[in-house]
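> quick check, what structure comes out for this input:
(2 chains)
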Amino acid sequence: MTTTTDTHSGAPRRPPLAGSKSVADKWFRRGLAFAGTSVLLILGTMLLFTVIDAWPVFRHEGLGFITSSTWDPGVSRTEVTGQYGALAFIIGTLVTAGIALVIAVPLSVGTALYLTQVAQRRVRNPLTYAIELLAAVPSVVYGLWGLLFFVPTVLRPTMNLVADTLGGFIPFLAPPVITYNYFSAGVVLAIMIIPIITAVTREVMAKTPPSEIAAAYALGATRWEMMRSVVLPRARPGMIGATMLGLGRALGETIAVAMLIGGSKQIGDSIFKGGQSMAGIIAVTFQEAAPENVKALIGVGVVLFVITIIVNMVARGIVLLTGGHVTGDAAV
Amino acid sequence: MPISGNRGDDAHPGEPLWVPWGEFTPSSRWVLIRVTSLSYVAGAKGPDAVGVSPAKRIRERRKPTSMKTTKRSFVVLLLVLALLAAACGSDSEDTTTTQGGASDDMTTTEASMALSAHLLGAGASFPAPIYLEWIGEYTSNVQPDVSINYQSIGSGGGVEQFIGQQTDFGASDAFLSDEDLAAAADARGCAAIHIPTVFGAVALGYNLDGVDSLTLDGPTLVDIFFGNVDTWNDAAITALNPGMDLPDEPIIVAHRLDGSGTTSIFTTYLSDVSDEWANGPGAGKEIDWPAPNSVGGDKNDGVAAQIQQNPGAIGYIELSYAIETGIPVADMINADGNAVTPTLESTAAAADGITIPDDLRFNILGVGGEGYPIAGATWLLLWQCGYDENVSAVLKDWITWDLTQGDSLAEELLYSPLPASLEAKALAKVDLINSEG
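A predicted model of the protein is given here:
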């Protein structure tokens, strides 16, 4: 107890955690350390065991697992007899997530700008609430809504129009249009990630110092010039962080994509053809899969995991290169 | 008193930490905190714990009144449960007494034997509705002391759990391969038995404006699914449908994306028709579809949606599903050259004429007469040894009842029951259950 007395007779009234000999403090510290590292532990064991599970298929296919697009599962329980090339699913995941980002990012940034800089309070609050509500809708509901209503009645005519007018000279927009395809999955994905990107971007933009905004106006800037020179540059790291959050969701989204992507195991030569995503093939075929097929599906999971890591690293790289740093706001 | 405040700022310097709360030792404070937090947790587990947004749940948790209502609703819940239990009890008594009266009249069932056991089975989802119907009827009206739990986890999982001996019986849309049979025999020390229960047909649904009848044959079907025939007015199709105005539309091929017995039946048929198909895509529960304009759907409803939403689409679905949804289906020309509409009768006819091997592992191929050519069976998987006496007695009794008394239920649910010749063979297999002890 003497040390405690010493610390107390000194200046600080709250002794630092590290200096304390109290049993509770020690266990509290250990508890927190365990909580902090358990994430790494879980991640590590997950990766380790999935790789071990999938190893026979990786060894059988080699690099072909990610460069071939022939997915012809076998039914053996002990050996690997089928052909497992997951390229079509990798492309499906990347293409749908890409389409989703291309649509969602401009819309979200526009929405966030409107909410923070333009909208009046009585518009802003209900709108913000509505956007957050979008985030709470379960993805299977988005999938069902897309499957039964949105894609056949709204998107299908649009896609027909685009394919008939632009398809002639832009190869990846060429007809024929199949109702459920990369594009329809991407559009619904975009609707799913808009709330995430908007919410984070809005938070970041709301933190723009009023003095800088006032300064921009004082220098004679129009509202758009003020946004461009003050709000957007300040919010950029946060916007990139938000985009990465959205991308993460888009890459991992399973059921809505599986319902809308068209379910073909081939690589579609236009965005209006059907395909399949990595998460989708796992979810849809897992139930009836023979043991060797299960190993291959676990392998797809490993690839998805690795791709997500790469995407995250690339994102951090972009943030570093463009001179910003991901602030606390961006990490929301 | 702030029970969670730890180092009170008013603690005298130099005094031990807990002194201001003299009588509270650390442990009693812990108890206090834990009791409070527990009651909050209990408050969250009210009737609103499921299906409510997290935000609302948090709000509820903060409301002190929610604890009270939770307690009250818990009491109500208990009361309801008690009432239900009482009702069920009297219910089953009723059925037993009426059953006792009825079974006196029934000479076919072994009226004297009251069986009792709990069975667990798992597997194919295609026959799950009829299995559940049979189980419900059997356990409530025939042997009330028997309970059978069937989990429709899919054929693949069903076979896995059967070989792993986690279940009393398995169910699969595809018979066990030789490799699986060997693995099964190794695992249990005796052979596995296949008992077919019902048939299903695979129908070809299509989506063509203004076309409500269509006839196809095997080779044309193979060409369509290869992508060689890729427009509806192709000569191969018009030749089979003389006088019909087929549109110049691209054909979109819809297939099952998930591994499925339906796919297995369909591709086995295609492989039988065409060597090129057999050596290429082949047969199986999940294959690599070659047609360039192909789309996949999850389960029957997924494929049905693909057919309905894509003009010019053709896809294969279970007959029962086609009947329920009203999707137009194609007539198929069978081995005798007859164009046959898929129906329950033509499915049963298909199963009647074929030769069946002794182990009852068969595909329905080369169908002629009035039979519809794309059909297949689904099987229950059982063991020749290792069951408890009462379990094997129940298994035998239940499956015998299914096969002999369950036909009308099967037809109601749009399955084809076994034809008489096959039923006799299946019943002979039932006798083999646990025959090696």
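
> how about the residue of the stretch 1-150 of chain A found nearest chain B, phi and psi?
When scored by Cβ to the nearest Cβ, the stretch 1-150 of chain A has residue A:72 as its residue closest to chain B, at 4.1 Å. Every C-beta, even on glycine, is put in place using the N, C-alpha and C of the backbone. Main-chain torsions, residue A:72, degrees, to the nearest 10: phi -130, psi 80.

> what about the closest residue to it other than its chain neighbours, neighbour count?
Sequence neighbours aside, residue B:288 is the residue nearest to residue A:72 in space, at 4.1 Å (criterion: Cβ to Cβ, 6 or more residues apart in numbering or on different chains). Using other Cβ atoms under 10 Å in any protein chain shown, residue B:288 is surrounded by 18 other residues.

> contacts only, for the residue positioned nearest the centre of chain B.
Residue closest to the mean C-alpha point of chain B, counted by Cα atoms, centre = their mean, is residue B:125 at 1.6 Å. Residues near residue B:125 by Cβ atoms under 8 Å, 6 or more residues apart in numbering or on different chains: B:152, B:153, B:154, B:155.

> also residue A:213?
Applying Cβ under 8 Å, 6+ apart, the residues near residue A:213 are A:226, A:230, A:231.

> I'd guess the last one is in a helix, am I close?
Yes: counting by DSSP: H, G, I helix; E, B strand; the rest coil, residue A:231 is located in a helix.

> hmm, back to that, in a markdown table: the contacts of residue A:213, plus pLDDT.
Formatted as a markdown table, these follow (pLDDT from 0 to 100):
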| residue | pLDDT |
| --- | --- |
| A:226 | 92 |
| A:230 | 90 |
| A:231 | 91 |
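
> select from these the one having the most neighbours.
Among these, the one with the most neighbours (other Cβ under 10 Å) is residue A:231, at 22 neighbours.

> number of nearby residues for the residue nearest to that one when sequence neighbours are not counted?
Leaving aside its sequence neighbours, residue A:231 sits nearest to residue A:208 (Cβ to Cβ, 6+ apart; 5.0 Å). If you count neighbours by other Cβ under 10 Å, residue A:208 ends up with 20.

> so what's the backbone phi/psi at residue A:208?
Main-chain torsions, residue A:208, degrees, to the nearest 10: phi -60, psi 130.

> could you measure it against residue A:220, distance?
Distance, residue A:208 to residue A:220, by Cβ to Cβ, to the nearest Å: 19 Å.

> now swap in residue A:252 and tell me
Going from residue A:252 to residue A:220 by Cβ to Cβ gives 47 Å.

> more crowded one of the two?
residue A:252 (16 against 7).

> return the set of buried residues in the longest strand that chain B contains.
Taking DSSP state E as the criterion, chain B has its longest strand at strand B:192-206. Within strand B:192-206, the residues that qualify as buried by neighbour count (16 or more other Cβ atoms under 10 Å in any protein chain shown) are B:192-206.

> pLDDT of that strand, averaged?
Averaged over strand B:192-206, pLDDT sits at 94.

> and the residue of the stretch 101-250 of chain A found nearest chain B, what's its pLDDT?
Distance from chain B to each residue of the stretch 101-250 of chain A (Cβ to the nearest Cβ) is smallest for residue A:179, at 4.2 Å. Among the per-residue scores, residue A:179 holds a pLDDT of 89.

> which strand or helix spans it?
Taking DSSP states H and E as the criterion, no element holds residue A:179; it sits outside all helices and strands.

> where's it relative to residue A:158, distance?
Residue A:179 is 12 Å from residue A:158, where distance means Cβ to Cβ.

> those two: which is more packed in?
Set residue A:179 next to residue A:158 and count neighbours by other Cβ under 10 Å: residue A:179 wins out with 25 against 13.

> contacts only, for the more buried one.
Residues in contact with residue A:179 (Cβ under 8 Å, 6+ apart) are A:151, A:152, A:156, A:262, B:306, B:309, B:310.

> hey, C-alpha coordinates of the longest strand of chain B in PDB?
This file holds the C-alpha atoms of strand B:192-206, laid out as PDB (Å, rounded to 0.1, in the frame of the first residue of the first chain):
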ATOM      1  CA  ALA B 192     -26.600 -49.300 -46.400                       C
ATOM      2  CA  ILE B 193     -30.000 -49.900 -48.000                       C
ATOM      3  CA  HIS B 194     -31.700 -47.700 -50.600                       C
ATOM      4  CA  ILE B 195     -35.500 -47.500 -50.400                       C
ATOM      5  CA  PRO B 196     -37.200 -45.400 -53.100                       C
ATOM      6  CA  THR B 197     -40.200 -43.500 -51.800                       C
ATOM      7  CA  VAL B 198     -41.700 -41.200 -54.500                       C
ATOM      8  CA  PHE B 199     -41.000 -40.000 -58.000                       C
ATOM      9  CA  GLY B 200     -40.700 -36.600 -59.400                       C
ATOM     10  CA  ALA B 201     -40.600 -35.400 -63.000                       C
ATOM     11  CA  VAL B 202     -38.500 -32.600 -64.300                       C
ATOM     12  CA  ALA B 203     -40.600 -30.300 -66.600                       C
ATOM     13  CA  LEU B 204     -39.300 -27.800 -69.100                       C
ATOM     14  CA  GLY B 205     -40.900 -24.400 -68.400                       C
ATOM     15  CA  TYR B 206     -40.700 -21.700 -71.100                       C
END
